[in-house]
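Got a sequence here, can you build the structure:
(4 chains)
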Number of protein chains: 2
Amino acid sequence: MGRRYNSPNEEGVASITDRSSGLGVQRKSNQIYEAIREDIVALRLVPGSMIYENELAEELRISRTPIREAIRLLVSEQLLEVLPQRGTRIAQISERKVSETRFIREQLELGAFRMAARLWDPVKHARVRETIIQLLQRQQEAVRAGEIALFLQLDEAFHYAIMEITGNATLLQVVYEMRGHLNRLRCLALQQFHHMDQVMEEHRALFAAVEQGDEALTAELLGRHLGKLDAELPELRAAYPQYFQE
Amino acid sequence: MGRRYNSPNEEGVASITDRSSGLGVQRKSNQIYEAIREDIVALRLVPGSMIYENELAEELRISRTPIREAIRLLVSEQLLEVLPQRGTRIAQISERKVSETRFIREQLELGAFRMAARLWDPVKHARVRETIIQLLQRQQEAVRAGEIALFLQLDEAFHYAIMEITGNATLLQVVYEMRGHLNRLRCLALQQFHHMDQVMEEHRALFAAVEQGDEALTAELLGRHLGKLDAELPELRAAYPQYFQE
DNA sequence: CCTTCCCAACTTGTATACAAGTTAAAAGTT
DNA sequence: AACTTTTAACTTGTATACAAGTTGGGAAGG
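Next up, the predicted model:
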């Protein structure tokens, strides 16, 4: 392991999730949930390796109870796998799961982006426009600095910013869950192919299509943008076989 | 409350969920999760009413620990709402949540049904065909007997049977979660409008379109089939205001 | 040396004890 | 009578204790 979980969500990019009821106090288990999830999705926890409730409890100086709650949530997302009386395993990257979640993400993002293009109003969404342009700038800086993790977070933020136009919070939540199974692969892809510049171009084109209200173009660009992962997968699997399942 | 949870899943219609890791022993918390969920979704637990961990623990003769785990999962689905130090509330029906989950369900089912129509092979899916025909027959019997709860379960099973053709288990899981927020409304709709015969007709036509591999027709029929709920909502809200939020 | 068996050291699952916060009714005050 | 304060009975949140199952290494036997 070798990492403290003291300051979760320190990166300064707003998180969509908040699986707490939204109301009242931030419970310990929710902080732990986010911290562990982030470590899994960013590949800081090695797929296939084990974690143990006692170990985490000691490290965080709290009891097992809140840790167990966080683990159960991650199990329900299939990012963790509890082996009774043996420990808890970081899920390996599953080709099946990747293709299943990619399909879902594509269906939902296509629907949301189309709706966003349809709803786009230059006056009403002036602030949104500013936010997105700023995100693209920050992302460009991340490219220059070669910061993959930050790049990915801003990538996510870009997609959410556009989908937020639809006002469908549940859709964002579902896409967020699906992304949990895709981002690990994207981490590897960025390390392997260094194609961040191309992604940037696609984002700019996508945003332009939304701004112009061109629903068909938006859908086409997004389909291509999301489809890339399929072509990359075989090479990644060959390069990092130990992370994969089956 | 006034209901025992001794024999969960007694209805004989296979459940899709299994939020346990799939492996090994069925944990207590998973049985409780399913039992409570089913009670919420079938409106046996009144929206807006409270439940208490102690009460459930006493009733089921177990400790609070597994009950808490089940509750946390249902909170993450937004079917329950924990008010710290006050109790746990059965979520009311939220018009916003209904429209959000309906959009997601529509996007995903449309994609899955289209793919099913594309993949359909009379030889390869002979057994699936039998299963679906049998489901339709049992559903017709449920109509005759006026059993709304059973009708709804078979309705669900029909949709899943077709989507299973795609082999996308995660998609089924997501649709299952979305349905949690829609089924309560459908319960009310069936009580109010008694239009089960019409639903049956739509199912038969849908299946025929899939069998013929007619992707466009399938999509059109499904869109109409799922769209009904929107038209019904205002009247239902007027008839059962106490179940609704906002 | 190899195989078998047993057991101690781990794990998670469950129950229970305690901490902390909310609430509403009773008691006290004006 | 009306208002304020207190308090006891609840709730969930967290920590801890115990139960039950898995595992790997060493003792015992061949």
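
Now name the helix or strand holding the residue most central in space within chain A.
In chain A, the centroid-proximal residue (C-alpha atoms, centre = their mean) is A:Arg179; its distance is 4.3 Å. Take DSSP states H and E as the rule and A:Arg179 turns out to sit in helix A:169-193.

can you tell me if that helix touches chain B.
Yes. Helix A:169-193 reaches chain B (C-beta under 8 Å from any C-beta of the partner chain) through A:169-171, A:174, A:178. The way it works is simple: take the backbone N, C-alpha and C, and place the C-beta from them, glycine included.

Which two of the residues you listed have the greatest separation?
Spatially, the most separated pair among the residues of helix A:169-193 next to chain B is A:Ala169 and A:Met178, at 15.3 Å (C-beta to C-beta).

Which one's more surrounded, the two?
A:Met178 (25 against 15; other C-beta atoms under 10 Å in any protein chain shown).

Run a quick check on the more buried one versus A:Ile104, I expect a contact.
Yes. Using C-beta atoms under 8 Å, A:Met178 is in contact with A:Ile104, at 5.3 Å.

joint contacts of the two?
Shared contacts of A:Met178 and A:Ile104 (C-beta atoms under 8 Å, 6 or more residues apart in numbering or on different chains): B:Thr170.

all helices of chain A, in order?
A:28-41, A:53-60, A:64-76, A:95-119, A:126-145, A:148-163, A:169-193, A:196-211, A:215-239 (DSSP state H).

what's in contact with the last one?
Looking back up the chat, that one is helix A:215-239. Contacts for helix A:215-239 (C-beta under 8 Å, 6+ apart): A:95, A:98-99, A:102, A:105-106, A:109-110, A:113-114, A:116-118, A:182, A:185-186, A:188-189, A:192-193, A:199, A:202-203, A:205-206, A:209-210, A:244.

hmm, who's touching stretch A:122-140?
Contacts of stretch A:122-140 (C-beta under 8 Å, 6+ apart): A:151, A:154-155, A:157-158, A:161-162, A:164-165, A:200, A:203-204, A:207, A:211.

of the residues you listed, buried ones?
A:151, A:154-155, A:157-158, A:161-162, A:164-165, A:200, A:203, A:207, A:211 (16 or more other C-beta atoms under 10 Å in any protein chain shown).

Quick one: these as TSV, columns for distance to DNA strand D too.
TSV is the format used below for the buried ones among the contacts of stretch A:122-140 (distance: C-beta to the nearest atom of the strand, whole Å):
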residue	distance to DNA strand D
A:Phe151	34
A:Leu154	31
A:Asp155	32
A:Ala157	29
A:Phe158	34
A:Ala161	31
A:Ile162	34
A:Glu164	28
A:Ile165	33
A:Met200	41
A:His203	39
A:Phe207	40
A:Glu211	43
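
Closest one of those residues to B:Arg37?
For those, the nearest to B:Arg37 is A:Glu164 (29.0 Å; C-beta to C-beta).

ok, the closest one - contacts?
Here A:Glu164 is in contact with A:128, A:172 (criterion: C-beta under 8 Å, 6+ apart).

can you tell me how far the closest residue to A:Ile40 other than its chain neighbours sits from DNA strand D?
Of all residues not flanking A:Ile40 in the chain, A:Leu79 sits nearest, at 5.2 Å (C-beta to C-beta, 6 or more residues apart in numbering or on different chains). Separation of A:Leu79 from DNA strand D (C-beta to the nearest atom of the strand, to the nearest Å): 21 Å.

For A:Leu79, the count of nearby residues, please.
Neighbours around A:Leu79, by other C-beta under 10 Å: 22.

Provide a list of residues in contact with it.
A:37, A:40-41, A:90-91, A:180-181.

Quick one: those as CSV, columns for neighbour count and pLDDT too.
Putting these into CSV (neighbours: other C-beta atoms under 10 Å in any protein chain shown; pLDDT from 0 to 100) gives the following:
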residue, neighbour count, pLDDT
A:Arg37, 23, 97
A:Ile40, 22, 97
A:Val41, 21, 96
A:Ile90, 21, 98
A:Ala91, 22, 98
A:Gly180, 20, 97
A:His181, 24, 97
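
Closest one of those residues to B:Glu58?
For those, the nearest to B:Glu58 is A:Arg37 (34.3 Å; C-beta to C-beta).

Surely the closest one touches A:Leu74?
Yes. Counting by C-beta under 8 Å, A:Arg37 does reach A:Leu74; the two are 6.2 Å apart.

Out of the buried ones among the contacts of stretch A:122-140, flag the one nearest to chain B.
Nearest to chain B, judged by C-beta to the nearest C-beta, of the buried ones among the contacts of stretch A:122-140 is A:Glu164 at 12.6 Å.

And the closest one, how far from A:Ala205?
With distances taken as C-beta to C-beta, to the nearest Å, A:Glu164 is found 20 Å from A:Ala205.

Is any residue of stretch A:37-56 near DNA strand C?
Yes. Applying C-beta under 7 Å from any atom of the strand, one finds stretch A:37-56 touching DNA strand C at A:51-55.

How about the contacts made by A:Ile36?
Contacts of A:Ile36 (C-beta under 8 Å, 6+ apart): A:5, A:45, A:51, A:56, A:70-71, A:74, A:80.

between those residues, which has the most around it?
Result: A:Ala70 is most packed of those (other C-beta under 10 Å), 25 neighbours.

Surely it and A:Asp39 touch.
No. Look at A:Ala70 against A:Asp39 with C-beta under 8 Å: they stay out of range, at 11.6 Å.

still on that earlier bit, could you dump the buried ones among the contacts of stretch A:122-140 into TSV with pLDDT added?
Converted to TSV, the buried ones among the contacts of stretch A:122-140 look like this (pLDDT from 0 to 100):
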residue	pLDDT
A:Phe151	96
A:Leu154	97
A:Asp155	96
A:Ala157	97
A:Phe158	98
A:Ala161	98
A:Ile162	98
A:Glu164	98
A:Ile165	98
A:Met200	97
A:His203	97
A:Phe207	97
A:Glu211	96
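
For the residue nearest to the centre of chain A, give me the pLDDT.
We have a pLDDT of 97 for A:Arg179.

ok, now how distant is the residue of chain A most remote from its centre from B:Arg27?
Relative to the centre of chain A, and counting by C-alpha atoms, centre = their mean, the farthest-placed residue is A:Gln85 at 30.6 Å. To B:Arg27, A:Gln85 is 12 Å away according to C-beta to C-beta.

Please apply the same query to A:Val98.
As judged by C-beta to C-beta, A:Val98 and B:Arg27 stand 27 Å apart.

near chain B, which residues of chain A?
A:19-21, A:23-25, A:29, A:68-69, A:72-73, A:75-76, A:81-84, A:97, A:100-101, A:103-104, A:107-108, A:110-111, A:168-171, A:174, A:178.

Any of those buried? List them.
A:19-21, A:29, A:68-69, A:72-73, A:75-76, A:81-82, A:97, A:100-101, A:103-104, A:107-108, A:110-111, A:168, A:170-171, A:174, A:178.

filter the residues you listed down to the ones close to DNA strand C.
Within those, those near DNA strand C by C-beta under 7 Å from any atom of the strand are A:68, A:82.
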